[in-house]
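Undergrad: give the three-dimensional model of this entry:
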Amino acid sequence: MVRRLATLIVAAALAHAGAARADALLLDQAQQAIDDVDYATARKLATKALAEGALARQDLERAHRLLGESAAALGDDAAAREHFTRWLVLAPDAALAPGASPKIAGPFGRARTAATQLGAFTADAAVARERDRVVVTIVGKDPLAMVTGMRVRVGDGTEVSVNDRRAVLPTADAAAVTVTVALIDPAGDELVRREFVGTTPAVAPPPDGAPADEAVTPRRRASHRWPTLVRWPTWAGVALVGAGVGGYFAWQVGQTEDELAALNAASDQHSFDEALALRDRGQRQALYANVGFGVAGAAAIAAVLTLVLEPGAAVEVNPAPSGATVGTSVRF
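TA: Okay, here's the model as predicted:
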């Protein structure tokens, strides 16, 4: 029985792979037809490949490109914009070959505007472990609602098709399992294919609202930095402010000295009290300048000392399918 089941699984996989190769061959023939300026044949072949389904993501994008180009060349602007829009939503950086005719470039440009307004396709699969079950959820954005279900395989089990955005599959393996997920469209084309290795896939968050006893392990962060108020950036800021204050009052001292010199040069027109007032003001300004420069110097020394003496940089330990990865960040 086990041998027969394994044979059926292998046969299904080979049939799927054979269908994918056949559809890819149809797309190759459609491209050749376009190169031969036979747009009607190209459209027919690409439409057949798209209808048969089971296309991989790259071939699905190519099918929409070929259909957009052939439809535009045949004067069907509405169909051309639709296929070009789907192509650009799936591949925002896509572009026509250099030298494309205006008949094709026009619908493509309008499709790019529409795709930009819709936003890129970012749909993905999220996997979480709940004791003896695996929960798979479709997350991300699908602006054209292309994803209608998924194919999921847990470990060495059979592949299960689910026409929903969430699937719960049992697993008897209490240790690590490998979960393979393919997000598919109505024709069975694979828009996204992911493989999660291990009990808690670090690349996917647990579904919203779902319990996650063994879901993504939280990041552990060990930091030995001093409080912000006594770290070197704070002291450096104080030093800059102190230097600015000292520089300002030093400039004011110079201005007051110039006024006092002018007053002395015309002493017959001014009283002695005016000269005393200027002198007192200059002394206050000099005091403030000295205080500012003193604070700046002390803060600069403190900044250097805290930079040198502060404990080591923070260390982050992140979960990974095959163990833990350690990264070190520099103090700033």
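Undergrad: that's a strand at Gly157, yeah?
TA: No. Assigned with DSSP: H, G, I helix; E, B strand; the rest coil, Gly157 falls outside any strand and is coil.
Undergrad: give me the number of residues near it?
TA: Using other C-beta atoms under 10 Å, Gly157 has 17 other residues around it. (Each C-beta comes from the backbone N, C-alpha and C, glycine too.)
Undergrad: need the pLDDT of it.
TA: Looking at Gly157, its pLDDT stands at 80.
Undergrad: now Ala91
TA: pLDDT, Ala91: 95.
Undergrad: all helices of the protein, in order?
TA: Using DSSP state H, the helices of the chain run over 2-35, 39-52, 57-73, 77-90, 102-118, 232-265, 272-309.
Undergrad: distance of Gly288 relative to Val245?
TA: You called it Gly, but residue 288 is Tyr. Note on Tyr288: its distance to Val245, by C-beta to C-beta, to the nearest Å, is 7 Å.
Undergrad: also Ala30?
TA: Distance of Ala30 to Val245, computed by C-beta to C-beta: 75 Å.
Undergrad: and those two? Which one has more around it.
TA: More crowded of Ala30 and Val245, by other C-beta under 10 Å: Ala30, with 28 against 17.
Undergrad: doesn't Ala42 make contact with Cys31?
TA: Actually, residue 31 is Gln. It isn't Cys. Yes. Gln31 is within contact range of Ala42, at 7.4 Å (criterion: C-beta atoms under 8 Å).
Undergrad: joint contacts of the two?
TA: Taking C-beta atoms under 8 Å, 6 or more residues apart in numbering as the criterion, Gln31 and Ala42 both touch Leu66.
Undergrad: looking at the two, which is more packed in?
TA: Legend: neighbour count by other C-beta under 10 Å for Gln31 and Ala42, higher for Ala42 (26 against 17).
Undergrad: leaving out the residues flanking it, which one is nearest to that one?
TA: Nearest non-adjacent residue to Ala42, counting by C-beta to C-beta, 6 or more residues apart in numbering: Ala33, 3.8 Å away.
Undergrad: the one you found - how many residues pack around it?
TA: The number of residues packed near Ala33 is 20, by other C-beta under 10 Å.
Undergrad: need the contact list for it.
TA: Neighbouring residues of Ala33 by C-beta under 8 Å, 6+ apart: 39, 41-42, 45.
Undergrad: can you pull the pLDDT of the nearest residue to Ala289 once chain neighbours are set aside?
TA: Nearest residue to Ala289, sequence neighbours excluded (C-beta to C-beta, 6+ apart): Phe249, at 3.8 Å. pLDDT recorded at Phe249 is 84.
Undergrad: and Phe249, how far is that from Arg279?
TA: Here the criterion is C-beta to C-beta. By it, Phe249 lies 16 Å from Arg279.
Undergrad: next, count neighbours for Asp142.
TA: Neighbourhood size, Asp142 [other C-beta under 10 Å]: 21.
Undergrad: next, it: phi, psi?
TA: When read as degrees, to the nearest 10, the backbone of Asp142 gives phi -130, psi 80.
Undergrad: touching, it and Ala123? I think so.
TA: Yes. Taking contacts as C-beta under 8 Å, Asp142 lies within contact range of Ala123: 4.4 Å.
Undergrad: distance of Ala24 from Ala30?
TA: 11 Å.
Undergrad: typed the wrong thing, it's Trp251
TA: To Ala30, Trp251 is 77 Å away according to C-beta to C-beta.
Undergrad: check Gly140 too.
TA: On the measure of C-beta to C-beta, Gly140 and Ala30 end up 30 Å apart.
Undergrad: any regions of the stretch 151-300 of the chain where pLDDT drops low?
TA: 173-175, 198-226, 228-230, 270 (pLDDT under 70).
Undergrad: do that again at 50, thanks
TA: Residues of the stretch 151-300 of the chain meeting the criterion pLDDT under 50: 199-223.
Undergrad: which residue sits closest to Asp185, ignoring its sequence neighbours?
TA: Excluding the flanking residues, the one nearest Asp185 by C-beta to C-beta, 6+ apart is Met146, at 4.9 Å.
Undergrad: burial count for that neighbour?
TA: The burial count for Met146: 18, using other C-beta under 10 Å.
Undergrad: got it, and Ala114?
TA: Neighbour count of Ala114, defined by other C-beta under 10 Å: 14.
Undergrad: which residues are in contact with it?
TA: Residues near Ala114 by C-beta under 8 Å, 6+ apart: 81, 85.
Undergrad: from Leu144, how far out is it?
TA: In terms of C-beta to C-beta, Ala114 sits 10 Å off from Leu144.
Undergrad: what sits in contact with each of these two?
TA: Listed as contacting both Ala114 and Leu144 by C-beta under 8 Å, 6+ apart are Thr85.
Undergrad: what pLDDT does the residue positioned nearest the centre of the chain get?
TA: Centroid-nearest residue in the chain: Thr122, 10.4 Å away (criterion: C-alpha atoms, centre = their mean). For Thr122, the model assigns a pLDDT of 95.
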